[in-house]
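Student: Requesting a structural model of the entry that follows:
(one chain, ligands or ions: 1)
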Amino acid sequence: MVDRPNKPAALATTPGLPPQAQVNISHGNQRVTAVLPTGESVEILLHGATVISWKAADDTEKLWVSNAAKLDGSKPVRGGIPLVFPVFGTAPDHAATSKLPQHGFARSSRWEFLGKSTSESGDASVKLDFGLSSASLSDEVKALWPYDFNLLYSVTLDAKTLTTSMVVTNQGNEPFEFQMLLHTYFKIKDISSTTVTGLEGASYVDKVDNASVKTESASEVSITGETDRIYTPVKKEEPIAIVEGSSKTFNISRDNLEDTVVWNPWTEKAAGIGDFAPKDGYKNMICVEAGSVQGWVNLENGDQFEGAQTITSL
Ligand SMILES: O=P(O)(O)OC[C@H]1O[C@@H](O)[C@H](O)[C@@H](O)[C@@H]1O
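Tutor: Prediction:
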C-alpha cells in the first residue's frame, strides 16, 4: 500500500440523536476513529481493517500494540486485532491456499470504510463497517487465491464491549474453503499473574510441542514460557476469560467460531520478531484469538458465513 498523506479528518455526528448519544467519528485517509459521548474510543486502520486501539473513558488502552509496529501498510500490524483470512499460519498441504503468505492477505490489504450506524434507541454505541472483496485485491494477490468473495467486517463499540464480526460471502461459481481468526492482542499488566479460564477439558494442538494433541487439565491456564496453542473449547457458549491477579479483566464470547488460539512468544521468540518492541513487551500482552482454524470452513457459491467475538472489559 502506498503511504498517502493524511487528508484532514472528516468529523461526523448523527443528526437527530440526543446530544448524550452523539458519537464522534473521524475518517481520514488511513484510519477511522470513533469516540462515544461517554469517552470510550476505538481506532481502526484501513490497512488490514486492523483495530489498533480500544480505550476506556479514562484513556486506558486495552489492546497491546508493539512500539515497532508498522502502521504504514508495509507489514501487517504487530498488535491490536489483525484479521487472519483465508488461512491460519501457512498450509503447504492445502492446495488452494498453499501459495498464500502466513495468515493470508486480509491483514495486509487495504480495506474500504463502508460507513457507520449508531443505536436507534439513543444508547451510546456505534458500528463501523469495512469491506474487502476479490475485486479490490491486487492482481498479485488474486493470483494466489483466485476466488470471488466479499468480506464485511463490523466493529461495534459500546461503553463496556467491543464486538468484531466478519461475514464471508462466496460470490463466485465454485465453493471455496477458508479459515478465519480475530487475532486479538490484549494488553495486560503482568503475564506472570495472568491466567486464561474457560479452557478446562478442551483439546488443543500444542504448536510448541511438535503439534501434539493434548487436553487442557487446568481451570486457569498460566503462561510460563513460549505458548502457541489451538484450543477447541468443549462448551462453545462459555466465555473465555482473562484473569489478572484475582480479577477477571476480559470476557471473550464467541459466535460461530469454534477455536481459540492462545499465543505468547516469550523471551526468545519475541527477540527474533523484528517488529516486536520493547523486547520484554511479551510480559504485557497475551493473544487470545477467536477463530475457525482447525480444518476448513467450506463455503458453497452464494453462501455466507458469519463469525464474531464480543469482548467485555470488566
Ligand atoms: O508473526 P505473525 O505472522 O503475526 O504470527 C504470530 C503468531 O500468531 C499466532 O496466531 C500463531 O498461532 C503463531 O504461530 C504465530 O507465531
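
Student: quick one, what contacts Val114?
Tutor: Wrong residue type there; residue 114 is Leu, not Val. 129-131, 152 (C-beta atoms under 8 Å, 6 or more residues apart in numbering). Backbone N, C-alpha and C define where each C-beta goes, glycine included.

Student: Equivalent analysis for Gln304, please.
Tutor: Gln304 touches 167-170, counting by C-beta under 8 Å, 6+ apart.

Student: Including neighbour count, could those residues go into CSV?
Tutor: CSV is the format used below for those (neighbours: other C-beta atoms under 10 Å):
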residue, neighbour count
Val167, 16
Val168, 21
Thr169, 18
Asn170, 21
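
Student: So which of those residues belong to strands?
Tutor: 167-170 (DSSP state E).

Student: What subset of the contacts of Leu114 is buried?
Tutor: 129-131, 152 (16 or more other C-beta atoms under 10 Å).

Student: From the residues you listed, pick the one nearest the ligand.
Tutor: Nearest to the ligand among the buried ones among the contacts of Leu114 is Phe130, at 19.7 Å by C-beta to the nearest ligand atom.

Student: and that closest one, what are its bridge partners?
Tutor: In this entry, Phe130 is beta-bridged to Phe113, Tyr153, by DSSP bridges.

Student: Now stretch 184-203: buried residues?
Tutor: Neighbour counts over stretch 184-203 (16+ other C-beta under 10 Å) mark 184-188, 191, 194-200, 202 as buried.

Student: Give me the mean pLDDT for it.
Tutor: The pLDDT scores in stretch 184-203 average 98.

Student: So for it, first residue to last residue, what's the gap.
Tutor: Stretch 184-203 has an end-to-end distance of 21 Å (criterion: C-alpha to C-alpha, to the nearest Å).

Student: Same check on stretch 29-37?
Tutor: With C-alpha to C-alpha as the measure, stretch 29-37 spans 24 Å from end to end.

Student: Please state the offset of it from the chain centre?
Tutor: 17 Å (C-alpha atoms, centre = their mean, to the nearest Å).

Student: swap in stretch 149-156?
Tutor: How far stretch 149-156 lies from its chain's middle: 12 Å, per C-alpha atoms, centre = their mean.

Student: and what of stretch 56-67?
Tutor: With C-alpha atoms, centre = their mean, you get 15 Å for stretch 56-67.

Student: quick check: mean pLDDT across that stretch?
Tutor: 98.

Student: mind listing what's buried in that stretch?
Tutor: 62-66.

Student: Return the set of buried residues in the helix or strand in which Tyr231 is found.
Tutor: Using DSSP states H and E, Tyr231 sits within strand 227-232. For strand 227-232, burial by neighbour count (16+ other C-beta under 10 Å) applies to 227-232.

Student: Equivalent analysis for stretch 256-268, please.
Tutor: 257-266.

Student: Among the residues you listed, name the ones in strands.
Tutor: Among the buried residues of stretch 256-268, the members that lie in strands (by DSSP E) are 259-264.

Student: Return only those of the residues you listed found close to the ligand.
Tutor: 261, 263 (C-beta under 6 Å from any ligand atom).

Student: okay, the ones in strands among the buried residues of stretch 256-268 in TSV with pLDDT next?
Tutor: Shown next, in TSV, are those (pLDDT from 0 to 100):
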residue	pLDDT
Asp259	97
Thr260	98
Val261	98
Val262	98
Trp263	98
Asn264	99
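
Student: nearest to the ligand, of the buried residues of stretch 56-67?
Tutor: Ser66 (10.3 Å).

Student: Glu220 reaches Thr194, doesn't it?
Tutor: No: here Glu220 lies out of contact with Thr194, judged by C-beta atoms under 8 Å, at a distance of 9.6 Å.

Student: about what we covered before: between all of the buried residues of stretch 256-268, which two are separated the most?
Tutor: Using C-beta to C-beta, the buried residues of stretch 256-268 span at most 26.3 Å, a distance reached by Glu258 and Trp266.
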